[in-house]
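1. coords below, sequence missing:
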């Protein structure tokens, strides 16, 4: 069953609902890296991550940041350099039979 995911542009913070492949859904939700889509606001192809819901932001603001998510939250619009193991994992996916 296909499901739409709310994703957020890492460049400008624009959010939208999008159908993702299983690999893209995993990558965007666990912080390994972005899925690439066209951003109307930026006018180019950018990286997209799982969007944080407004409810989760209110909960976090009210109760303080949870240790469970402390290492996984990336502020909107900020990127980081992938580790070598993260790059290797993405490259392996891309070289696989279903690779992009």
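-> Thanks, I have it. Everything numeric here is computed off the predicted structure, so don't read it as measured data.

2. ok, which stretches of the protein are strands?
-> Assigned by DSSP state E, the strands in the chain fall at 4-9, 15-19, 35-39, 44-50.

3. and the residue nearest the centre of this protein?
-> In the chain, the residue lying closest to the centroid (CA atoms, centre = their mean) is residue 49, at 1.6 Å.

4. bridging residues for that residue?
-> In this structure, residue 49 bridges to residue 8 when assessed by DSSP bridges.

5. ok so, going back, and of the strands of the chain, who's closest to residue 95?
-> For the strands of the chain, proximity to residue 95 was assessed by CB to CB; strand 35-39 is nearest, at 16.9 Å. Every C-beta, even on glycine, is put in place using the N, C-alpha and C of the backbone.

6. what packs against the closest one?
-> Counting contacts by 3 or more CB pairs under 8 Å, 6 or more residues apart in numbering; DSSP states H and E, strand 35-39 packs against strand 4-9, helix 22-30, strand 44-50.
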